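Enquirer: Quick one, structure for this:
(chains A, B, C and D)
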4 protein chains.
Amino acid sequence: MKIITRIRHYLHENRINIFRQRLKLRRVIFESDTPSGRRFDIILLITILFSVLVVMLDSIPAVKASIGDFLKVIEWVVTGLFTLEYLLRVWTIGRPIKYMTSFYGIIDLVAVLPTYLSLLLAGSEYLIIIRVIRMLRIFRILKLGRFMAASNVLVIAMKESRHKIIVFLEVILTIVVIVGAFMYLIEGPENGFTSIPVSIYWAIVTITTVGYGDISPATPLGQIIASVIMILGYAIIAVPTGIITMEMSKAQQLQKTHNASQIFCWSCGETDHDPGASYCRKCGAKLSKKSVRPRKKK
Amino acid sequence: MKIITRIRHYLHENRINIFRQRLKLRRVIFESDTPSGRRFDIILLITILFSVLVVMLDSIPAVKASIGDFLKVIEWVVTGLFTLEYLLRVWTIGRPIKYMTSFYGIIDLVAVLPTYLSLLLAGSEYLIIIRVIRMLRIFRILKLGRFMAASNVLVIAMKESRHKIIVFLEVILTIVVIVGAFMYLIEGPENGFTSIPVSIYWAIVTITTVGYGDISPATPLGQIIASVIMILGYAIIAVPTGIITMEMSKAQQLQKTHNASQIFCWSCGETDHDPGASYCRKCGAKLSKKSVRPRKKK
Amino acid sequence: MKIITRIRHYLHENRINIFRQRLKLRRVIFESDTPSGRRFDIILLITILFSVLVVMLDSIPAVKASIGDFLKVIEWVVTGLFTLEYLLRVWTIGRPIKYMTSFYGIIDLVAVLPTYLSLLLAGSEYLIIIRVIRMLRIFRILKLGRFMAASNVLVIAMKESRHKIIVFLEVILTIVVIVGAFMYLIEGPENGFTSIPVSIYWAIVTITTVGYGDISPATPLGQIIASVIMILGYAIIAVPTGIITMEMSKAQQLQKTHNASQIFCWSCGETDHDPGASYCRKCGAKLSKKSVRPRKKK
Amino acid sequence: MKIITRIRHYLHENRINIFRQRLKLRRVIFESDTPSGRRFDIILLITILFSVLVVMLDSIPAVKASIGDFLKVIEWVVTGLFTLEYLLRVWTIGRPIKYMTSFYGIIDLVAVLPTYLSLLLAGSEYLIIIRVIRMLRIFRILKLGRFMAASNVLVIAMKESRHKIIVFLEVILTIVVIVGAFMYLIEGPENGFTSIPVSIYWAIVTITTVGYGDISPATPLGQIIASVIMILGYAIIAVPTGIITMEMSKAQQLQKTHNASQIFCWSCGETDHDPGASYCRKCGAKLSKKSVRPRKKK
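Expert: Below you'll find the predicted structure:
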């Protein structure tokens, strides 16, 4: 009877131990505010960068010929480590399904698959490069707040301007398709405009001011049309710029007013004090902590 | 006698029926706020996209060789459908002339003509691609309001900045013509600058930062002048951007203040007061809180 | 005796006539607010455009071969007309020296000289293209005010931002010279970087995102450096854009406050009324014409 | 005894003389507000420009062949002068270590070294071009204040926007690496995408809209992906532009309010009140008109 109690006790203790271990691991793997968590993230980033470099090197014929086998070994080792890391992540987190279906969860999985896939499908090992997306975790290690604020402003500006950007892109695409078709008729296959899709490709190359020069108009009329859409492309780049600038300035302002809770003077009602003020700038009454009235959101 | 009455009655009923049918059809074809109208628009857009794709495929030699006849048949079927649609539009709408001379009316007609024209003039079937303009109807199906507001801001900003943009384009064109002539004298036909128009084309390619490289300066002096106009082109792209950004922010503000609550004077009806006003700027009557008449949102 | 008086009288009358003629001519030639002045300007512009087109056509070998002589005749006729016009301008204007040394005076002269010069120096007839600058007179015919205001804003913005633009250009030029020298060492003559000046030319082509492709890096290190300055060039185009946008918005504001004389309420001192107001928005007092107090400049 | 006193006296005088000389030299070399200091700076700049031109000319094969030896002599003379100047700078300044480790101190040394280095390492003489950085001293000669203010605004705007710019560059680099790897798989070595690094180089050339055309996609799928990242690159150039414009306008405003009259509280010394304040925001004392202490302009 005593043995059973002891085993039970042992198992119980063990379970607690494992639970504690899991909690500790979770903090190390998922957070970066502890020294060990930080160390883990840095090692992870270096490994990612390293494995991306290995893939790049492996794609260079001369390098592959000389140390290709060695790179292959490294690739498998790193993939093994990442697989282990992925399993640990799934095991330690409270809600594995939520993690596995999250953006980073999918990326973590996708970063591991290509190596295994390469056994079945030659060439797919180069997809490992998707691991580079994992590098975005870098913002977690750097002073988080500032970068989060910065990328928040960018994301808000993008979101707010999406309707205008869509209208803009629709117009661009319409122009590009029509110009492409006309150029196909004008220049024809003998000048490199072998089909309408190729002509549209040329129109995109031109209107975005990329200008490879692999295809370029040779007839006077084609050159005139090309000139027109070049100037068009050159001038209308102003449109997305204007949109984003405007939205970004609005997003910035929103964030600022959001960060600065408004200080309200109970004596005269003045609200336009700046954050550090102790006395009302209108009536000179002392501003109490109570005066701070959080502003209603939009 | 009874028969005549019955016939009359029948015809009358029929006419009402046709009238009702027309009304119903009109709602389906022209509006997109009913389920069937929405369905009609979606089918229309898919058909347009499909027919544009067919034209594109038809222009690829390899595709044309293998399934060219099949594509031709599709083209005729789609054109037939669009012709029917056009006739229905003309028939169902109240004022056919107004529709036929409107922007969309002309586009709807032009989108149909090239196929018929191709019987007379080879190659003109590629003009069918103009159908892509009809795709702009897509904004009708998507949540209309937001996109209308977005494109309104864009259009207003464009309109307001047209004087500045024209001055800007005049200056660019003048620079481009003069630089073109000089480059023709400096580089000459042996370096690809075969005539002044070609040199002007090169100058446009350069100042807009497209840079095909089909023509590029080979003499030192030519390269110096090219460098100057490249830097010029690189720097003055800031000008249209600045113009559009400014006008867009003004247009946005205009729209916002327009949407915002208008202060309405109950005494004279003036609505154009600014938010802080206490007296009507037209008649001097006191503006009460009640005067504020919130504008219906969108 | 009577004859002398008559001659004197005749001469006097004649002089008056000539004087009147001169005045009338001056109005026609220099102003564009009379119908005949307007007509003169339009004919002038068409002639300029025509002569520029003639020069362009003359530079195309095929055209020159077939109708070169005919174009030469036209060129001489137009130059004759422009010479006559220039002389008339000098004669009719009050202060000929001031006109002759003004921007437009010099352009008018320079637009005439190349044809005469071509008798001495072959090829110089193409400089006639400078005539295109005279096209800038077009803003005189179009609704003047708006375009003047528009170009004023542009010019003020340019002037105000010149210090920042110069600093910016200095930095760009320094980068371009250093990168050019390094690329010459790295890539060397065998990859097209034949000398430091050529390398600098390449660096300018790259940093301004023109990218002809006549010279392009072939070594890995060269491609890395090229990538860095491409991204740099791509990102720092934001700098002149930011500068111009800011200055343009300031210039616009300045012009607006300048155009809108401030309305001052003599009863309460409020100055912040908008142009159309008849009553003070603060105290409701009637605003008299007298209330308008022109604002001091800056 | 007298002789010793005299010698002492002489040495003392001499030391004073040398000290004076040093002081005078320091003013000439380091400042540009005296006529001789200004003259020194101008001569220095011309010499720098001259030596940079010599290096450039020396790199052109044709020039080197004809006057290479002469240029070599000039190079050594100029380097000698710059070495002397560097030693004088070190000698005359109060804290030589601080100068030697400052930005300009290092540049001054680095501008001299390549010539000496060229004795050991062929080709390194072209690094003399680094001297061009010394040209940045030019702002000292031009009206200093305005340019300092201008470059301050630029530098502040850059600093403030660095977090957003880093996030932006991270995203760009991630896109470029992934697109590069995919294009390597799609296009392959036969179309010029010989390895992943080269494909990434191509992606940078494309997304920055440079577009050399030395490598360009040839397969339909490759052209579609290229089109997408071209449009992406074309549209997202708006992002850094928006960031810089916003930050620049903030930096400008900051500088203006800083230059503007500061309101000074005579009771507690607080200066950071905004223009409309009537009471000190720190101690609540009434702010009199007298409190306004206009700041010295520049």
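Enquirer: only C-alpha atoms for contact and neighbour calcs from this point on.
Expert: Fine.
Enquirer: show me what contacts A:Leu187?
Expert: Quick fix: residue A:187 is Glu, not Leu. A:193, A:217-219, A:222 (Cα atoms under 8 Å, 6 or more residues apart in numbering or on different chains).
Enquirer: any chance of the residues you listed in CSV, with distance to C:Leu254, pLDDT and neighbour count too?
Expert: Below are the contacts of A:Glu187 laid out as CSV (distance: Cα to Cα, whole Å; pLDDT from 0 to 100; neighbours: other Cα atoms under 10 Å in any protein chain shown):
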residue, distance to C:Leu254, pLDDT, neighbour count
A:Phe193, 50, 92, 24
A:Pro217, 45, 92, 22
A:Ala218, 48, 90, 15
A:Thr219, 48, 91, 12
A:Gly222, 44, 93, 18
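Enquirer: Now go through these and say which are in helices.
Expert: Among those, the members falling in helices (DSSP state H) are A:Gly222.
Enquirer: farthest-separated two in the contacts of A:Glu187?
Expert: Across those, the longest distance by Cα to Cα is 11.7 Å; it joins A:Phe193 and A:Thr219.
Enquirer: neighbours around A:Leu221, how many?
Expert: A count of neighbours around A:Leu221, defined by other Cα atoms under 10 Å in any protein chain shown, yields 13.
Enquirer: ok, it to chain C distance?
Expert: As judged by Cα to the nearest Cα, to the nearest Å, A:Leu221 and chain C stand 15 Å apart.
Enquirer: Extract the C-alpha trace of stretch A:154-170 and format it as PDB.
Expert: Output of stretch A:154-170 as PDB, limited to C-alpha atoms (Å, rounded to 0.1, in the frame of the first residue of the first chain):
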ATOM      1  CA  LEU A 154       2.900  52.100 -41.000                       C
ATOM      2  CA  VAL A 155       0.200  49.400 -40.700                       C
ATOM      3  CA  ILE A 156      -2.500  51.800 -39.700                       C
ATOM      4  CA  ALA A 157      -1.500  54.100 -42.600                       C
ATOM      5  CA  MET A 158      -1.600  51.200 -45.000                       C
ATOM      6  CA  LYS A 159      -5.000  50.000 -43.800                       C
ATOM      7  CA  GLU A 160      -6.600  53.500 -43.900                       C
ATOM      8  CA  SER A 161      -5.300  54.100 -47.400                       C
ATOM      9  CA  ARG A 162      -6.200  50.700 -48.900                       C
ATOM     10  CA  HIS A 163      -9.400  52.000 -50.600                       C
ATOM     11  CA  LYS A 164      -7.500  54.800 -52.300                       C
ATOM     12  CA  ILE A 165      -4.600  52.400 -53.200                       C
ATOM     13  CA  ILE A 166      -7.000  49.900 -54.700                       C
ATOM     14  CA  VAL A 167      -8.700  52.600 -56.900                       C
ATOM     15  CA  PHE A 168      -5.200  53.700 -57.900                       C
ATOM     16  CA  LEU A 169      -4.100  50.200 -58.800                       C
ATOM     17  CA  GLU A 170      -7.200  49.500 -60.700                       C
END
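Enquirer: Mean confidence (pLDDT) on stretch A:22-38, please.
Expert: Averaged across stretch A:22-38, pLDDT comes to 80.
Enquirer: For the longest helix anywhere in chain A, which residues meet the burial criterion?
Expert: Using DSSP H to define each element, chain A has its longest helix at helix A:61-92. If you call a residue buried by 16 or more other Cα atoms under 10 Å in any protein chain shown, then helix A:61-92 has these buried ones: A:68, A:71-72, A:74-75, A:78-79, A:82-83, A:86, A:89-90, A:92.
Enquirer: That helix - what's its average pLDDT?
Expert: Rounded mean pLDDT across helix A:61-92 is 89.
Enquirer: Closest to D:Ala157 out of the contacts of A:Glu187?
Expert: A:Pro217 (41.7 Å).
Enquirer: ok, the closest one - contacts?
Expert: A:187, A:191, A:223, A:226 are the contacts of A:Pro217 under Cα under 8 Å, 6+ apart.
Enquirer: How about A:Gly242?
Expert: Contacts of A:Gly242 by Cα under 8 Å, 6+ apart are B:241-242, B:244-246, B:248-249, D:238, D:242.
Enquirer: Can you see whether the longest helix of chain A contacts chain C, counting any residue in it?
Expert: No: shown here: helix A:61-92 not in contact with chain C (Cα under 8 Å from any Cα of the partner chain), separated by at least 13.1 Å.
Enquirer: burial of A:Trp202, as a residue count?
Expert: With other Cα under 10 Å as criterion, A:Trp202 counts 28.
Enquirer: Name the SS class of the nearest residue to it once chain neighbours are set aside, please.
Expert: Setting aside the residues directly before and after it, A:Trp202 is nearest to A:Ile215 in space (Cα to Cα, 6 or more residues apart in numbering or on different chains), at 6.6 Å. Recorded secondary structure, A:Ile215: coil (DSSP: H, G, I helix; E, B strand; the rest coil).
Enquirer: ok, now how distant is A:Ile215 from A:Val198?
Expert: Going from A:Ile215 to A:Val198 by Cα to Cα, to the nearest Å gives 9 Å.
Enquirer: and those two? which has more neighbours close in?
Expert: More crowded of A:Ile215 and A:Val198, by other Cα under 10 Å: A:Val198, with 24 against 21.
Enquirer: OK, contacts around the more buried one?
Expert: With Cα under 8 Å, 6+ apart, A:Val198 has these contacts: A:Gly180.
Enquirer: mind checking pLDDT for it?
Expert: pLDDT, read off for A:Val198, is 92.
Enquirer: Name the residues of the stretch 1-150 of chain A found near chain D, please.
Expert: Going by Cα under 8 Å from any Cα, the residues of the stretch 1-150 of chain A near chain D are A:56-57, A:59-61, A:123, A:126-127, A:129-130, A:132-133, A:136, A:146-147, A:150.
Enquirer: And the closest residue to chain C within the stretch 1-150 of chain A, how far from C:Asp214?
Expert: Closest residue of the stretch 1-150 of chain A to chain C, Cα to the nearest Cα: A:Ile60 (11.3 Å). Distance, A:Ile60 to C:Asp214, using Cα to Cα: 25 Å.
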